[in-house]
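Q: fold the following.
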Amino acid sequence: MNDVMAGATQPSAAVPIQFEESAYAVAEGKRFYQAYNCVGCHANGGGAIGPALMDSEWIYGSKLEQIHSVIVQGRPNGMPSFANKIPDYQVWEIAAYVRSMSGQLPSDVAPSRSDHMPTVRSESSRPKEHPADENQQPLVPGRSK
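A: Model prediction:
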């Protein structure tokens, strides 16, 4: 008798490792976590309607395969099933990112900064520019107005 359940996915042994050891996959998982609005229930890992993901206290297990299963199958009275709604490789990437939030991945793989950090100075932090005064001297020496 086979103990494979209908609807459950059975990954090959190499699949979870390929996602957990890839900084790119974890970064993509973070992007999909936002895009599929996981943040709506789990916030940025601290929990809201859904449980916190930044600690190691997980009812259904913290292994990559277990997180994948929760995302795909859902859980009673809360987590909806995302089977056939999110491509499987993206579910693996989200699962890898979720593991990274609780510090379960090596630091060279886990995201180390917020993607919401500004990359350019915001307009409010730039020096104020004022229109040139007619009596002001030209900025380039030797040139007149």
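
Q: can you give me the helices for the protein?
A: For the chain, the helices defined by DSSP state H occupy 14-20, 23-35, 39-42, 64-73, 88-101.

Q: would JSON lines of these with distance to Ser56 and mean neighbour count be doable?
A: Every residue, glycine included, has its C-beta placed from N, CA and C. Shown next, in JSON lines, are these (distance: least, C-beta to C-beta, whole Å; neighbours: other C-beta atoms under 10 Å):
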{"stretch": "helix 14-20", "distance to Ser56": "16", "mean neighbour count": "16"}
{"stretch": "helix 23-35", "distance to Ser56": "18", "mean neighbour count": "19"}
{"stretch": "helix 39-42", "distance to Ser56": "15", "mean neighbour count": "15"}
{"stretch": "helix 64-73", "distance to Ser56": "13", "mean neighbour count": "20"}
{"stretch": "helix 88-101", "distance to Ser56": "10", "mean neighbour count": "24"}
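
Q: as JSON lines, those helices with mean pLDDT and distance to Leu53 would be great.
A: JSON lines is the format used below for these (pLDDT from 0 to 100; distance: least, C-beta to C-beta, whole Å):
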{"stretch": "helix 14-20", "mean pLDDT": "73", "distance to Leu53": "15"}
{"stretch": "helix 23-35", "mean pLDDT": "92", "distance to Leu53": "9"}
{"stretch": "helix 39-42", "mean pLDDT": "88", "distance to Leu53": "5"}
{"stretch": "helix 64-73", "mean pLDDT": "93", "distance to Leu53": "9"}
{"stretch": "helix 88-101", "mean pLDDT": "92", "distance to Leu53": "5"}
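
Q: which stretch among those comes nearest Phe82?
A: helix 64-73 (5.4 Å; C-beta to C-beta).

Q: and the closest one, what does it pack against?
A: helix 14-20, helix 88-101 (3 or more C-beta pairs under 8 Å, 6 or more residues apart in numbering; DSSP states H and E).

Q: what sits up against the last one?
A: The reference is to helix 88-101. When contacts are defined by C-beta atoms under 8 Å, 6 or more residues apart in numbering, helix 88-101 is touched by residues 9, 11, 15-16, 19-20, 22, 25-30, 32-33, 36, 38, 45, 53-54, 62, 64, 67-68, 71-72, 82, 86, 105, 109-111.
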